[in-house]
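**Student:** Provide a 3D model corresponding to the input given below.
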Amino acid sequence: MNGKIVKVSGPIVVAEELDGAGLGDVVRVGEEKLIGEVVKLTAGRAVIQVFEDTRGLGPGMPVTAIGAPLSVALGPGLLGNVYDALQRPLAKKQDPVTAISQTREWEFVPAVAVGDVVTGGSIIGTVAETPAIAHKVMVPPGISGVVEAVRYGFFTARQTVCKLKTDGGQSREITMTQEWPVRVSRPVLRKTAPATPLCTRQRGIDTLFPLVKGGAAAVVGPSGSGKSVLLRKIVQCADVDVVVYIGCGARGSEVAQLLQTLPELLDSKNGEPLIKRTVLISNTADMPTAAREASVYTGVTIAEYFRDMGYDVAVIADSITRWSEALREMSDKLSETPCEDGYPAYLASRLAQFYGRAGCVQCLGDGGRTGTLTALGAVSPPGGDLSEPVTQATARMVKAFWVLDGFLATARKYPAIDREKSWSMYPDTLKSWYDGNFGPEFLANRDRASALLRDERELVNFTGTLSAQSRLKLETAKMIREDFLRQSAFDDRDSCHAYEHQATLLSLILYYFDLCNDALEKDILDPEPLFNIPTRTQISSAKAITELERYRQIARDMELQVEAAIGGQEA
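**Tutor:** Next up is the predicted model:
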């Protein structure tokens, strides 16, 4: 299936005589065999988007069809690696480069025996890929049969570790590596309803605008509002097993900083370097636009692979806006009719293809194995305009929408979440989990805290004299903002706060409100002593406390100090 170039327009190449090539097939373009993908077929011609720099290409140069879609290699060695959008390792300079090492040997420990019946997705063995993650070698989807041979030992990812006699009577060799097309979701037995929160350890998110494992969320905000910082903190602290981070169209300096930072960060779960459970897909702004469009699919396919092992996986796209801009540029090169702000008509459907691959699933192969894939995307609306097309389309796809405020970020109030514009549809989904772990008071406290913050917005604009109860609301709302929602990135205990500690801290602040409110109902003459009790300072520092007994001690001290404030005035 050989053809020749008739036209070159930036990353778009038109070829003719490419008989037999199908839509979505990979082709090799020019003498240097640049990688491209067929995106449009017309009478006798194929339109190709090339994922590499097309300078030097011209009419008459050869084009060769591979006869297969754009795919990624999946196997041991993915974790800790940095790839480009086509899964070429960026850390390796030798040629040729491969996504999965052809020479490194792994200790394969079988999980099946001769005579066992296996199907697509069945685990046939494990590899200790990192201290944190055991790589589970699975039968590729669509293959089933009886184990004819399996062996323990050290093998490369491409060597045979198991032989099957398939249902068709043929012998099939299984290696530790499999290929999968990036634009096709990996199959699952069934999707299930999410029921467990994804603890990001960011109090403003987990308590007010929670996310579930298997859900979808967007971090929205103007440049400088802290989107990338928040996402990286989630990478470090989130209650997931594997993270796939897609740097889509980011500045080269941002990616360099991330590559320098990740190996130095320690995983909050096990103390190991964070990079050991992370896969990075990097497509910087100076790389070809077409590759930027493919990077999201490459990342989510790798994430699905670890999900199929039964792990909780988070895939983070930073940013969805730059990815959408790549779609717009490619659409313009293809002379497609533009819609709002020049974006293609299929913008929403492409976003749905990304976010729709999130979910809580029952995996193939072993009926009791479940995995989750949580999708998070960063959105940078120009000028903070939330009505622009990418933001609006994203809001329709996700169920958690975290808006960051540039003014809060400038004031160093991190994470800079705008509580008026942010929302989450997951609290009702998680009610059973909250009630089972913390009792019904958790959601009740969440609602009370939200109500106090709303009251604060009204009271700060009040020009008259405030009552003692109104002043108490302002004081408590300030404590919620400063002592609960605000977190310090320089304190590991404060920046990564577990759900149990979040619930206890918020309960402690609201207990202060209840004690003082009861005192005010006794008509004390001066409420000021209540607002200045010593435990106010202890509550402020309590967010760095990990021992729950310390919280209880603060509550007891607070009771005594409020009683003393009341008794002093009664005397």
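**Student:** pLDDT at Pro96, what is it?
**Tutor:** Note for Pro96: predicted pLDDT of 48.
**Student:** sorry, slip of the keys, the one I care about is Arg471.
**Tutor:** Looking at Arg471, its pLDDT reads 92.
**Student:** just the element for it, please.
**Tutor:** helix 468-479 (DSSP states H and E).
**Student:** where does the stretch 401-550 of the chain dip in pLDDT?
**Tutor:** Scanning the stretch 401-550 of the chain for pLDDT under 70 picks out 463, 524-525.
**Student:** so who does the residue lying closest to Val184 once chain neighbours are set aside touch?
**Tutor:** Among residues not flanking Val184 along the chain, Pro69 sits closest, at 7.5 Å (Cβ to Cβ, 6 or more residues apart in numbering). Quick note: C-beta positions are derived from backbone N, CA and C, even for glycine. Counting by Cβ atoms under 8 Å, 6 or more residues apart in numbering, Pro69 makes contact with Gly24, Asp25, Val26, Glu37, Pro181, Val182, Arg183, Val184.
**Student:** what is the nearest of those residues to Gly247?
**Tutor:** Val182 (16.7 Å; Cβ to Cβ).
**Student:** do you know how far the closest one is from Leu90?
**Tutor:** For Val182, the distance to Leu90 (Cβ to Cβ, to the nearest Å) stands at 18 Å.
**Student:** of these two, who's got more company?
**Tutor:** With neighbours defined as other Cβ atoms under 10 Å, Val182 and Leu90 compare such that Val182 has more, 23 against 16.
**Student:** let me see the contact set for the more buried one.
**Tutor:** Residues near Val182 by Cβ under 8 Å, 6+ apart: Pro69, Leu70, Ser71, Val72, Ala294, Tyr297, Thr298, Val300, Thr301.
**Student:** and what of Pro210?
**Tutor:** Counted by Cβ under 8 Å, 6+ apart, Pro210 has contacts Pro197, Leu198, Ala400, Ser424, Tyr426, Pro427, Leu430.
**Student:** how far away is it from Asp239?
**Tutor:** Per Cβ to Cβ, Pro210 is found 12 Å from Asp239.
**Student:** mutual contacts of the two, please.
**Tutor:** Taking Cβ under 8 Å, 6+ apart as the contact rule, Pro210 and Asp239 both touch Leu198.
**Student:** coming back round to it: of the contacts of Val182 - the most surrounded one?
**Tutor:** Neighbour-wise, these (other Cβ under 10 Å) top out at Val300, 29 neighbours.
**Student:** report the separation between that residue and Val379.
**Tutor:** From Val300 to Val379 the distance is 17 Å (Cβ to Cβ).
**Student:** next, count neighbours for the nearest residue to Gly75 once chain neighbours are set aside.
**Tutor:** Distance criterion Cβ to Cβ, 6+ apart; nearest residue to Gly75, sequence neighbours excluded, is Thr177 at 3.6 Å. By other Cβ under 10 Å, 20 other residues sit near Thr177.
**Student:** does Thr177 really touch Leu78, like I thought?
**Tutor:** No - at 10.3 Å, Thr177 does not count as touching Leu78 under the criterion of Cβ atoms under 8 Å.
**Student:** shared neighbours, the two?
**Tutor:** In contact with both Thr177 and Leu78: Ile100, using Cβ under 8 Å, 6+ apart.
**Student:** the lowest-mean-pLDDT helix or strand in the chain - contacts with which helices or strands?
**Tutor:** None of the helices or strands of the chain scores lower by mean pLDDT, DSSP states H and E than helix 252-261, at a mean of 74. Counting contacts by 3 or more Cβ pairs under 8 Å, 6 or more residues apart in numbering; DSSP states H and E, helix 252-261 is packed against helix 227-237, strand 242-248, strand 278-283.
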